[in-house]
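Q: what follows is a predicted structure for the sequence shown.
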Amino acid sequence: MASSPSASRHGAGSTSFRRVLTGSMAGAVLEWYDFAIYGILAATVLGPLFFPKGDTIAGLLLALATQGIGFVARPLGGVVFGHVGDRIGRKPMLVVTFLLLGASTAAIGLLPTYSQVGITATALLVALRLVQGFALGGEFGAAVLLVSEYGEPRRRGFWAAWPQAGGPLGTLLATVVAAIAGAVWQGPAFLEWGWRACFFVALPLLAVGFWIRHGIEESPVFRAAQDRAASRAAGPERSSVVEALRSPRPVLQGLGVRLGENVAFYVYTVFVVAYATRFQGLPRGDVLQVVTLGSACQFAGMILGGAWSDRVGRRRAMIVPAIGLCVWAPVFFWLAGQHSIALLAVGVAVGAFGHGMLAGPEAAWIAELFPTSHRYAGASLVFQGSSIIAGAPAPFIGVWLADRWGAGAVVAYLVVTMAVAVLALVMTRETVGRHLGDADHRPA
């Protein structure tokens, strides 16, 4: 397969591509650090700090629901930034969304608590979660697309998996930071200052990431598409979001896959903390170490899955781990119910690796579903639309199901959503090898 001209000029060995890859990963790490650190703290301290005292499970559910509020704004951010990014470029969106995300994350560490200002504290927390969600709605789509459009087609799955792998790296960083903060500020000191320090970590990430992203060049594929559009007769400009929705099949297929993938991610990274500490009585520090191990396995799975998809195709590379996750779900909860950190670690490690193998090829696959004219909008609709149906409610639903009906209900939740992902993959055509710059988006 021949590489496109743009790929040869901006290939994996070029300085431009390395900066794009590093900048894209910086945003992904910050994005998932924010959601992981909130999820970890929601399961331990944020409930009592920002919600009235009462039933312990109710406080936990309210804290996790506030985490989900951030997801509500993500589709709106995806629509706004997706349309603008398809019109003026990927790079400006990459910088703006990153600044909004980092600033709002750090600001959470400055909030007063419910005991200090009452319901105002909760309202401020919700407002910052909405700002974060709005920024995230455009951030990840821009990051994945820049890497996909810069990289050489024959290794697109491997390179696009790296910003996708920012998820487990962000989770890994969050668990390490939470563990260090818990060791430095123990007992009441953690409730006073330790949790705040966890959010302040966003500031150095913001500074480094902004410096890297500010120097990134615009996607060569996008520039070429702009040149082609300029050479044609001018006509009324349609919203790229409308263009994506006019042919809804790729959007629906992407949402189907993301449903199962998102639920699996949150079960093995966020829900597991609440389940193991609240329902199984395991020590928080030990559980965080297990999640750290799971994040490392998840990262490895994503990189391997992306590379494997370049060899065997995206569909096969995602169908195999999706089926594997269906089989593993009941095994995982049996292991988690044995009140053993070692067995919990086995369950999380295997589940997280399987999720990584599914999610790794996903970034390139979603980019390949759409033509350049509305790729940003289409990808954002898939990435962020799935946050409403899967990402936002997953930890909340998991805790509620476990409290109401036990682990078996959570197993069913995992299996059903993963079965939807398998069905969506079965109904798609193979996309590996597509030249993203082709005007009519023909398979290569």
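A: Received the coordinates, thanks.
Q: what's the span of stretch 146-162, first residue to last?
A: Using CA to CA, to the nearest Å, the end-to-end distance of stretch 146-162 comes out at 12 Å.
Q: can you give me the offset of it from its chain's centre?
A: With CA atoms, centre = their mean, to the nearest Å as the basis, stretch 146-162 stands 17 Å off its chain's centre.
Q: likewise stretch 170-181?
A: Distance of stretch 170-181 from the chain centroid (CA atoms, centre = their mean) equals 17 Å.
Q: buried residues in that stretch?
A: Using 16 or more other CB atoms under 10 Å as the test for burial, stretch 170-181 gives 170-175, 177-179, 181. Where C-beta positions appear, they are placed from N, C-alpha and C, glycine not excepted.
Q: turn those into TSV, columns for secondary structure.
A: Formatted as TSV, the buried residues of stretch 170-181 follow (DSSP: H, G, I helix; E, B strand; the rest coil):
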residue	secondary structure
Gly170	helix
Thr171	helix
Leu172	helix
Leu173	helix
Ala174	helix
Thr175	helix
Val177	helix
Ala178	helix
Ala179	helix
Ala181	helix
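Q: export the residues you listed to a markdown table and tack on distance to Arg74 and pLDDT?
A: Shown next, in a markdown table, are the buried residues of stretch 170-181 (distance: CB to CB, whole Å; pLDDT from 0 to 100):
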| residue | distance to Arg74 | pLDDT |
| --- | --- | --- |
| Gly170 | 16 | 85 |
| Thr171 | 18 | 78 |
| Leu172 | 22 | 82 |
| Leu173 | 21 | 87 |
| Ala174 | 19 | 85 |
| Thr175 | 23 | 79 |
| Val177 | 23 | 89 |
| Ala178 | 24 | 86 |
| Ala179 | 28 | 83 |
| Ala181 | 27 | 88 |
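Q: nearest to Val242 among those residues?
A: Closest to Val242 out of the buried residues of stretch 170-181 is Gly170 (32.6 Å), distances taken as CB to CB.
Q: what's the distance between that closest one and Leu136?
A: Distance, Gly170 to Leu136, using CB to CB, to the nearest Å: 12 Å.
Q: shared neighbours, those two?
A: Common contacts of Gly170 and Leu136, defined by CB atoms under 8 Å, 6 or more residues apart in numbering, comprise Glu31.
Q: can you give me the strands in the chain?
A: Here the chain has no strands by DSSP state E.
Q: centre-most residue in it?
A: Gly167 (5.6 Å; CA atoms, centre = their mean).
Q: how close does that one get to Arg278?
A: 24 Å.
Q: one more: Ala424?
A: From Ala424 over to Arg278 (counting by CB to CB), the distance is 33 Å.
Q: with Val144 instead?
A: 34 Å.
Q: between these two, point out the one with more neighbours.
A: Val144 (30 against 17; other CB atoms under 10 Å).
Q: pretty sure the more buried one is touching Ile366, no?
A: Yes. Judged on CB atoms under 8 Å, Val144 makes contact with Ile366 at a distance of 7.3 Å.
Q: what do the two both touch?
A: With CB under 8 Å, 6+ apart, Val144 and Ile366 have common neighbours 379, 383.
Q: which positions within stretch 72-87 qualify as buried?
A: 72-75, 77-86.
Q: hey, C-alpha coordinates of it in CSV?
A: The C-alpha atoms that make up stretch 72-87 are tabulated as CSV, following Å, rounded to 0.1, in the frame of the first residue of the first chain:
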residue,chain,number,x,y,z
VAL,A,72,-23.7,15.7,29.8
ALA,A,73,-21.8,18.7,28.4
ARG,A,74,-19.5,16.6,26.3
PRO,A,75,-21.8,16.2,23.3
LEU,A,76,-22.4,19.9,23.2
GLY,A,77,-18.7,20.5,23.2
GLY,A,78,-18.3,17.9,20.5
VAL,A,79,-20.9,19.6,18.3
VAL,A,80,-19.5,23.1,18.8
PHE,A,81,-15.8,22.3,18.5
GLY,A,82,-16.4,19.6,15.9
HIS,A,83,-18.1,22.0,13.5
VAL,A,84,-15.5,24.8,14.1
GLY,A,85,-12.7,22.3,13.8
ASP,A,86,-13.9,21.1,10.4
ARG,A,87,-14.1,24.7,9.2
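Q: avg pLDDT for it?
A: Across stretch 72-87, pLDDT averages out at 78.
Q: off-centre distance for that stretch?
A: In this view, stretch 72-87 has its centroid 16 Å away from the chain centroid, taken as CA atoms, centre = their mean.
Q: mind starting the numbering at 309 from now?
A: All set: I'll call the first residue 309, so the last point we hit is now stretch 380-395.
Q: so Gly347 makes contact with Tyr576?
A: No. Taking CB under 8 Å as the definition, Gly347 is not a contact partner of Tyr576, at 11.5 Å.
Q: compare neighbour counts for those two and give me the winner.
A: For Gly347 versus Tyr576, the count of surrounding residues by other CB under 10 Å is larger for Tyr576: 30 against 25.
Q: mean confidence for stretch 662-672?
A: 94.
Q: pull up the distance across stretch 389-405, start to finish.
A: End-to-end distance of stretch 389-405: 8 Å, with CA to CA as the criterion.
Q: what does it rub up against?
A: 331-332, 335, 385, 443-447, 449-451, 453-454, 457, 518, 521-522, 524-527, 530, 545, 547-549, 681-689.
Q: how far away is Gln588 from Gly714?
A: For Gln588, the distance to Gly714 equals 12 Å [CB to CB].
Q: those two: which is more packed in?
A: Each of Gln588 and Gly714 has its neighbours counted (other CB under 10 Å); Gln588 has more, 18 against 13.
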